[in-house]
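Participant: Using only what follows, build the 3D model:
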Amino acid sequence: MKQAIAAFLLCLSLVLGGVALAAHTLQEDAGQVAVTAISRQGDPAAAQGLVATQSCQYAQTLLWDLTIPLDRPAQSTTAFSAQRDVPAAANDDAGVYLRFPHQDATLSAEPGYFLDNLPTSPALGPLYEQVARRTPPGQTRTEILNPSQFLDAYPLQVTLDLAGQSPDYSQAETFESQFDPSAQEAFQAFFRFPFAPDTRWKVTVTKDQDGLLTQLAIAPTGEEFLTGTVSTVGAHTAYFTLTPSTQTGSTLPDFQQVPGGYGLYRLRFLTGEGGRVQIDPDSLEMVYPLDPRAVSVLSLTLSPQEDTLFLVTIQEGQTRCLVLDTETMDLRTAFSIPAGKPTQHLEASVSAEDEVLSRTQYDVTQVLPGENCLLALGQETFHFFSQTPEGHYQYRWSGRLPDGLLSFPVCNARAAWNGEKLALGIYDGETLTTGLSLWIYDREGTILYQGDYATSLEQVYGWHAADADTLTTGSPVQVVERKDRALTLSWKS
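Facilitator: All right, here's what the predicted structure looks like:
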């Protein structure tokens, strides 16, 4: 009843006095957030010693940090604050995206463009100009050109979405930092992919009656590489690589002129106000070599402490995980992941326009580092590996993937192992409702306990000012969607 009254007071105070009064009302009862558990199966005593933490926010102004002993949720504690710097939502799209603009260089526009203002990669301008000069108004012309006569190497477009929080694209500088000219120059100079002697492109230009360009297209005349980018982003460092599409005949470009050759690459950066990114162009380097003929990269994952990089690959038809030290980039250990059924799904965005590359991949493409453990996540199953004191990973067992677990784009699960029991917790990654669902398994994978945990914050709704003149219905209190705040699990005893 006390919690219900507090929720009612919040709603009333938000309507009458705004968020500031709501914060004052709640602060008087800040430690009274109730957490209740609903047992689904098994004995809740299996959670003895297991503690969860979760940060929740309202209107980017009110913040609750919950500490939940999962065997005794009624004894949960709360730290409450009213502040203006509540952590913003995680940037789901963070990554390094490389694309070759000639592979999607098709443009149709009315009323048309002049050659000096084409909304395409500037590197392609000379090829369009070559054909456009010989195209009369009102006609279409196609020519087969040798791109090496116009370009020194394949043109490259890089998009850097590196902010840890969702960027404020209302700030022009933030948006433009994704396409920083210094980054374009650095990547184009570093990734020099030469043309094969027989490379030819079909270039098509259409003009309207006034001579404006209304249709432009470039298409390779023969088979050509088709790639995507796999990346992971930390606080100030990004790791990435190019990987070939698994479509028939797809290959990687020629890496012979790339410093260090093919492998994993690293870029360092700083993040400013509003998500504005400043890269260090001189930091771009190859940090771990890979054999382009033998390895296909499926995913990259940084540990929460950013001291370990997990690289999931396919080698000789087998899924393997390489564990790298990010300070030295030495290989700590490597292990095989049980084979899964190949699955068709959509890959990560490969361009700024949110294009997607449909690829057939092996079942396991993502790993979840946890406390003393690691989970390899598939479409229907997960594989549990315990971590030894020496830092190696030992396969234990495989289980059915719990309902509600999302591995992409942001994993909403957390795992912890105490040598006897595996705890797997999940928060609602779609609605960000506060609370969690919990599974506890024994050494052989048998479920000892399953339960759902709800907080009294779910009852808190209110009003907040959308602008100076308008009041709109506010969102409910939600989980702070950041990997270090949304949920943690740890065995304390």
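Participant: What residues are bridge-paired with the closest residue to T106 other than its chain neighbours?
Facilitator: In space, T106 comes closest to A217 once its chain neighbours are excluded; the distance is 4.6 Å by CB to CB, 6 or more residues apart in numbering. (Glycine included, C-beta is placed from N, CA and C.) Assessed by DSSP bridges, A217 has beta-bridge partners T106, T204.
Participant: How about I314?
Facilitator: S296, T319.
Participant: which ones are touching it?
Facilitator: Contact criterion CB atoms under 8 Å, 6 or more residues apart in numbering gives V295, S296, L298, R320, Y362 as the residues in contact with I314.
Participant: Now do the fourth one against E380, distance only.
Facilitator: Spatial separation of R320 from E380 under the definition CB to CB, to the nearest Å is 21 Å.
Participant: Kindly report the same for the first one.
Facilitator: In this structure, V295 and E380 are 26 Å apart, going by CB to CB.
Participant: who has more neighbours, these two?
Facilitator: V295 (19 against 10; other CB atoms under 10 Å).
Participant: what's the residue nearest to the more buried one when sequence neighbours are not counted in contact with, if anything?
Facilitator: Using CB to CB, 6+ apart and skipping the chain neighbours, the partner closest in space to V295 is T313 (5.0 Å). Contacts for T313 were tallied using CB under 8 Å, 6+ apart; they are L290, V295, S296, V297, L298, T319, R320, C321, L322.
Participant: Format the residues you listed as a markdown table; extra columns: pLDDT and distance to T328.
Facilitator: Formatted as a markdown table, the entries for these read as follows, by pLDDT from 0 to 100; distance: CB to CB, whole Å:
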| residue | pLDDT | distance to T328 |
| --- | --- | --- |
| L290 | 96 | 17 |
| V295 | 88 | 20 |
| S296 | 88 | 25 |
| V297 | 91 | 20 |
| L298 | 90 | 23 |
| T319 | 91 | 25 |
| R320 | 93 | 20 |
| C321 | 95 | 18 |
| L322 | 97 | 14 |
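Participant: where does the residue of the chain most remote from its centre land in three-state SS?
Facilitator: No residue in the chain sits farther from the centre than P136, which is 47.1 Å out by CA atoms, centre = their mean. The local conformation at P136, judged by DSSP: H, G, I helix; E, B strand; the rest coil, is coil.
Participant: That one reaches T206, doesn't it?
Facilitator: No. The criterion here is CB atoms under 8 Å, and P136 misses it with T206 at 11.0 Å.
Participant: is S39 in a bridge, and if so with what?
Facilitator: Beta-bridge partners, per DSSP bridges, of S39: G451.
Participant: for it, what are its contacts?
Facilitator: Y449, Q450, G451.
Participant: what's the answer for Q157, then?
Facilitator: L98, R99, F100, P101, S121, Q184, S351.
Participant: Now, these that are in helices?
Facilitator: Secondary structure defined by DSSP state H assigns Q184 of these to helices.
Participant: Most neighbours of all the contacts of Q157, which one?
Facilitator: Ranking the contacts of Q157 using other CB under 10 Å puts R99 first, with 22 neighbours.
Participant: so how far is I68 from G49?
Facilitator: 13 Å.
Participant: Of these two, which one has the most company?
Facilitator: Between G49 and I68, counted using other CB under 10 Å, the more crowded position is I68 (29 against 15).
Participant: Tell me where the stretch 201-350 of the chain is predicted with low confidence.
Facilitator: Applying pLDDT under 70 to the stretch 201-350 of the chain picks out residues 245-250, 273-275, 340-350.
Participant: now with 50?
Facilitator: 342-350 (pLDDT under 50).
Participant: Can you show me the strands along it?
Facilitator: Across the stretch 201-350 of the chain, reading from the start of the chain, the strands by DSSP state E, counting those that start in this stretch fall at 201-207, 213-220, 227-233, 237-244, 263-271, 277-279, 285-289, 295-302, 308-315, 318-325, 331-336, 343-349.
Participant: Which one, of the ones you listed, ends up nearest to A82?
Facilitator: The stretch from these with the least distance to A82 (CB to CB) is strand 263-271; that distance is 25.5 Å.
Participant: elements contacting that closest one?
Facilitator: On a contact count with 3 or more CB pairs under 8 Å, 6 or more residues apart in numbering; DSSP states H and E, strand 263-271 meets strand 237-244, strand 277-279, strand 285-289.
Participant: related to what we said a few turns ago, for the contacts of I314, which PyMOL command selects only the ones that are buried?
Facilitator: Restricted to the buried members of those, where burial is judged by 16 or more other CB atoms under 10 Å, the PyMOL selection command reads as follows:
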select buried, resi 295+296+298+320+362
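Participant: CSV for the contacts of I314, including distance to A37?
Facilitator: As requested, the contacts of I314 are arranged in CSV below (distance: CB to CB, whole Å):
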residue, distance to A37
V295, 45
S296, 44
L298, 37
R320, 39
Y362, 37
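Participant: Export the strands of the stretch 201-350 of the chain to JSON lines and append columns for distance to T36.
Facilitator: Listed next are the strands of the stretch 201-350 of the chain as JSON lines, based on distance: least, CB to CB, whole Å:
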{"stretch": "strand 201-207", "distance to T36": "64"}
{"stretch": "strand 213-220", "distance to T36": "61"}
{"stretch": "strand 227-233", "distance to T36": "37"}
{"stretch": "strand 237-244", "distance to T36": "41"}
{"stretch": "strand 263-271", "distance to T36": "39"}
{"stretch": "strand 277-279", "distance to T36": "42"}
{"stretch": "strand 285-289", "distance to T36": "47"}
{"stretch": "strand 295-302", "distance to T36": "33"}
{"stretch": "strand 308-315", "distance to T36": "36"}
{"stretch": "strand 318-325", "distance to T36": "38"}
{"stretch": "strand 331-336", "distance to T36": "40"}
{"stretch": "strand 343-349", "distance to T36": "36"}
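Participant: Show me just the buried residues among the contacts of S39.
Facilitator: Neighbour-count burial within the contacts of S39 applies to Y449, Q450, G451; the criterion is 16+ other CB under 10 Å.
Participant: hang on, isn't the last one packed against T36?
Facilitator: No. Counting by CB under 8 Å, G451 stays clear of T36, with 10.2 Å between them.
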